[in-house]
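[1] Quick one: sequence and predicted model below, then my questions.
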Amino acid sequence: MPNIKHNEINPLLLINKIVFNDISVKLNRVEKNVLLSLVNHNNWKTGVCNPSIKTIQNEWFYHNDREVIKALKSLNDKKVFTKETIKRKNYYYLNFSMLLNNSQNDGNLQNDGNLQNDGNNNRQNDCDNNCQNDGTNNEITMKEQLNIYSDLDNEDYVNKINKELEEDLFNRIKSNYDPGAIKKELDNLKDKGLSKLDLLNELENNLKIKSIETKEEKSKDVEEIFNYWNNKKIIKHKEITPIIKKEIIKILKKYSAEEVKQAIDLYSEILKSEFYFSYKWSLSDFLKRNNGISTFMEEGSNKANYEEWKSNNDTNMDFDDEKYII
């Protein structure tokens, strides 16, 4: 196939072929989306496209840029484009000849129908030999003949793009958020009468906001529990270390902040009493040990033994220390 120049390509036909897999290279969904963005941003006079990774990411609603970077690398490996980096900015040159090598409509790829393949690949200057001068706009005539259409002209095109966006968006939501949180938000949105794509966008936006709020709330809980522990003067820590933060966040998945503080209260009270248990843990040890915080909860063994000891002590009954060794 002759080498195709960038100014000889009909962009709409190229987009059509990419969407319906009528190109010479096999692409996955993300690669196809990224290629469509490159085509969309291509300068058809210079043949250069240079959208940023962030721009492509936002166009396809990707949660992070890793998928875009991976797809660009794969497209480069498949020689879909050549890349030039100048002052840390990437410039892409699409390889149209390679992309359209297997196309069945090679003779119809030109932008204006005026390119004559006479062996020398010379452009013919007048259109009279290649198209009928019947008073009809040539671009529209070509569009009708070749079934080249934009996203607003064809329902199948819109449905296909929307379906791919929906699948990408749904998979991203599933991989980034808790199933319980997803179900809860879906229940809140189900009666809004949104289309599937709009619903998924709204769902992701709501989950993102809730996630930020949850992180902020957890950050406050971490600081509150840390200060609460230090105020009890069991073992005072100078700062919230990564280990302490990790253990507090971990324990908050199992207990509420109030339950943690109640357990700290009981631990502090036991240490100040004459009860046999007197070992002082650091905050992180108290939270992570098997015989730590859980034993000071409502059904915990240390709480039960301490309550029994207090009851016996209050009635001046004999107390056997050996029974209460943990």
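    Great, that's in hand. Numbering: from 1, shown residues only.
[2] Tell me who's in contact with Lys32.
    Ile18, Val19, Glu164 (CB atoms under 8 Å, 6 or more residues apart in numbering). Bear in mind the C-beta positions are built from the backbone N, C-alpha and C, glycine included.
[3] Could you rerun that using 7 Å?
    Ile18 (CB atoms under 7 Å, 6 or more residues apart in numbering).
[4] quick one: what helix or strand has it in it?
    helix 29-40 (DSSP states H and E).
[5] Now do the buried residues in that helix.
    Neighbour counts over helix 29-40 (16 or more other CB atoms under 10 Å) mark Val30, Glu31, Lys32, Asn33, Val34, Leu35, Leu36, Ser37, Leu38, Val39 as buried.
[6] Asn227 - that's part of a strand, no?
    No - the assignment for Asn227, made by DSSP: H, G, I helix; E, B strand; the rest coil, is helix rather than a strand.
[7] how many neighbours does it have?
    Asn227: 10 surrounding residues under other CB atoms under 10 Å.
[8] how close does it get to Asn10?
    67 Å (CB to CB, to the nearest Å).
[9] Ok, Glu31 next?
    22 Å.
[10] likewise Glu167?
    Taking CB to CB, one finds Glu167 at 28 Å from Asn10.
[11] What of Leu203?
    Leu203 is 38 Å from Asn10, by CB to CB.
[12] Kindly report the same for Asn28.
    25 Å.
[13] One more: Gly193?
    For Gly193 relative to Asn10 (CB to CB), the value is 39 Å.
[14] quick one, which of those two is more surrounded?
    Ranked by neighbour count (other CB under 10 Å), Gly193 and Asn10 place Asn10 first, with 22 against 8.
[15] Grab the nearest non-local neighbour of the residue most central in space within the chain.
    Closest to where the C-alpha atoms of the chain average out (CA atoms, centre = their mean) is His63, at 2.6 Å. Closest residue to His63 in three dimensions, ignoring its sequence neighbours and counting by CB to CB, 6 or more residues apart in numbering: Arg172, at 5.0 Å.
[16] Pull the number of nearby residues for the one you found.
    Applying other CB under 10 Å, we find 17 residues neighbouring Arg172.
[17] repeat for Cys49
    20.
[18] Could you check the pLDDT of the closest residue in space to it that isn't next to it in sequence?
    Of all residues not flanking Cys49 in the chain, Asn42 sits nearest, at 4.1 Å (CB to CB, 6+ apart). For Asn42, the pLDDT comes out at 88.
[19] Repeat that for Lys79.
    pLDDT, read off for Lys79, is 92.
[20] In terms of helices and strands, where is it?
    Per DSSP H and E, there is no helix or strand for Lys79.
[21] For the chain, which residues score under the pLDDT cut-off?
    Low-confidence segments of the chain (pLDDT under 70): 1-8, 102-162, 314-326.
[22] mind listing the helices in it by residue range?
    11-19, 29-40, 53-59, 66-77, 96-99, 138-146, 155-176, 179-189, 196-231, 242-251, 257-272, 283-288, 301-314 (DSSP state H).
[23] With distance to Thr46 as extra columns, can I get the ones you listed in a markdown table?
    Shown next, in a markdown table, are the helices of the chain (distance: least, CB to CB, whole Å):
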| stretch | distance to Thr46 |
| --- | --- |
| helix 11-19 | 14 |
| helix 29-40 | 14 |
| helix 53-59 | 18 |
| helix 66-77 | 20 |
| helix 96-99 | 14 |
| helix 138-146 | 21 |
| helix 155-176 | 27 |
| helix 179-189 | 45 |
| helix 196-231 | 34 |
| helix 242-251 | 50 |
| helix 257-272 | 59 |
| helix 283-288 | 60 |
| helix 301-314 | 75 |
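[24] Out of the ones you listed, which is closest to Lys87?
    Lys87 lies closest to helix 53-59 among these, at 15.8 Å (CB to CB).
[25] now for the closest one, which elements pack on it?
    helix 29-40, helix 66-77 (3 or more CB pairs under 7 Å, 6 or more residues apart in numbering; DSSP states H and E).
[26] now the first one against helix 11-19, angle please.
    Going by axes from the mean of the first three to the mean of the last three CA atoms, to 10 degrees, helix 29-40 is angled at 170 degrees with respect to helix 11-19.
[27] and the direction of helix 29-40 versus that of helix 66-77, what angle?
    Using the same axes, to 10 degrees: helix 29-40 against helix 66-77 is 70 degrees.
[28] For helix 29-40, what is the distance to the chain centroid?
    Taking the mean of its C-alpha atoms, helix 29-40 sits 18 Å from the chain's own mean (CA atoms, centre = their mean, to the nearest Å).
[29] what's the closest non-adjacent residue to Lys245?
    Closest residue to Lys245 apart from its sequence neighbours, by CB to CB, 6+ apart: Val222 at 5.6 Å.
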